[in-house]
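[1] Provided below are the primary sequence and the corresponding predicted coordinates.
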Amino acid sequence: MANGLADELDELKSILSLTLEGAKARAVELRIKRKGIGWGKDGTPELKKDAIVACIIDKTFNLKELELLAKASGIKKDGIGWGVDGTPLKTKKDIASSLLGSRRALLSSTSSPSPGEAPGGEGAEEAAEEGGEDEGEGEEEEEEEEGEEGGGPCDGVTAKMLEDFTMSDLIDLAKHYGVKRDGVNWGKDGTPRKRKRDIIAALIAKQAEGVVPDDLEVPRAEDGQLLDIDTGNWCNFQVEEGSVVPSEFMPRTEYRAHLEKSLGLTENQDVFHIIASANGGPDHPDNYLGALGSSFNRSLGCSMDFFCCFIAGLEKTQKAVERALEAEELYRRDPDKYARLIDARGRGRPTLYSENPYNRAAGHCLSAEELVEQGRRAWARMRLAAAIA
């Protein structure tokens, strides 16, 4: 089974294991629950664990991922069409609801099934004997969530990390730092138990060794050197909202003049691209988050679009990606007419969104969800470094 599906099954089990409080926190993080809007109002789910968890599943996975999870969990069987004989309709909402209804079977499964194979079905015993990565994870994580508050006294760093990091964050960090190795179950061969306290302790110990993963997403210049992110004025940050935001393509200088009138900018603020011009980000208010401290903005350069997207949030990033793809389509249609939609930065031709380095590496144009998730994970690692420094 591909590692991607295994990771998605891990994430699904983590979501299904959330307590009500954990689900509420994740809903706020994913903006399912928005400030000032009560539970059960204006599209916000009711204050019930299953209702919130169903929305988290819907928000976390795209339709293709949910289809694979449905097949891997046995909800969708080969030869039976979607919406037939108890199989859910091929929509995110219906598949998420069915996965939620199969929580007990998914969390009690002893191995990650292949697509089309039901948990605990044929081949499950062989997978368990081979020491599959997911063995026993669901039940242990559920036990951890319930007993977290009563886990006894802990030092200040651990207490802060227990408060700040979700189980999903910690699993991701454990894999990046080599605390959790592929093919080794939680609680086996030096791997910590799948409990927040145990993972945190292992991460702190690993950090003390000075170990950093090779693929840690850190900003680098074109020559491969680490970038020095200047955080001196990063909070010098202004965003405009509502009907005053222009809707047409406009260069940074023109948008800056607009912001100076509407917000009153200072000299040390830059108009802030969500997707950098060098990566195909167009000059359009949908791709401007507003104005950001110039030293912070310039130190980011074009190396951390994912972090800028995380700052902007999913809804704003979706608009930025849509506008980048629109600008690319217009430019391809008539390069002379639409040459200025994307700042070429002194080059003869602008870089288009589909051509930028991270999209070429991925083999497809990253979606807003993918960019924001990369930023979330990078931020989790920055928080980890700060917490245990």
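    Received it, and whenever you're ready, just let me know what you need. Numbering: from 1, shown residues only.

[2] which intervals of this protein have sub-threshold pLDDT?
    1-4, 109-157, 160, 164, 207-245, 262-268, 270, 290-301, 385-389 (pLDDT under 70).

[3] From L68, how far out is the spatially closest residue to E322 that is not a sequence neighbour?
    Excluding the flanking residues, the one nearest E322 by C-beta to C-beta, 6 or more residues apart in numbering is D286, at 7.3 Å. Every C-beta, even on glycine, is put in place using the N, C-alpha and C of the backbone. Per C-beta to C-beta, to the nearest Å, D286 is found 31 Å from L68.

[4] what's the answer for L18, then?
    L18 is 21 Å from L68, where distance means C-beta to C-beta.

[5] Then D78?
    13 Å.

[6] three-state assignment of the residue nearest to E322?
    Secondary structure state of D286, per DSSP: H, G, I helix; E, B strand; the rest coil, is helix.

[7] Double-check it against L325; I have them as touching.
    No: applying C-beta atoms under 8 Å as the test, D286 and L325 come out as separate, 11.3 Å apart.

[8] If you count surrounding residues, which of those two has more?
    Using other C-beta atoms under 10 Å as the criterion, D286 and L325 rank with D286 on top: 21 against 16.

[9] ok, that one - contacts?
    Each residue near D286 by C-beta atoms under 8 Å, 6 or more residues apart in numbering is listed here: K316, K319, A320, E322, R323.

[10] Go ahead and report the secondary structure state at the third one.
    It refers to A320. Quick answer, by three-state DSSP: A320 is helix.

[11] show me the contacts for L99.
    So L99 contacts L12, L16, I57, L66, L69, A70, S73, I75, L106 (C-beta under 8 Å, 6+ apart).

[12] wouldn't the fifth one be in contact with F61 here?
    Yes: with contact defined as C-beta under 8 Å, L69 reaches F61; the gap is 6.8 Å.

[13] and for those two, which residues touch both?
    With C-beta under 8 Å, 6+ apart as the test, L69 and F61 both reach E8, L12.

[14] Looking at L18 and L68, which one has more neighbours?
    Between L18 and L68, L18 has the larger neighbour count (other C-beta under 10 Å), namely 23 against 19.

[15] Just to be sure, L289 is in a strand?
    Yes: if the criterion is three-state DSSP, then L289 is within a strand.

[16] what about it, how many neighbours?
    Neighbours around L289, by other C-beta under 10 Å: 24.

[17] Verify the stated contact: it with F310.
    No: L289 is beyond contact range of F310, at 11.2 Å (criterion: C-beta under 8 Å).

[18] distance between the ends of stretch 248-257?
    Start and end residues of stretch 248-257 are separated by 15 Å (C-alpha to C-alpha, to the nearest Å).
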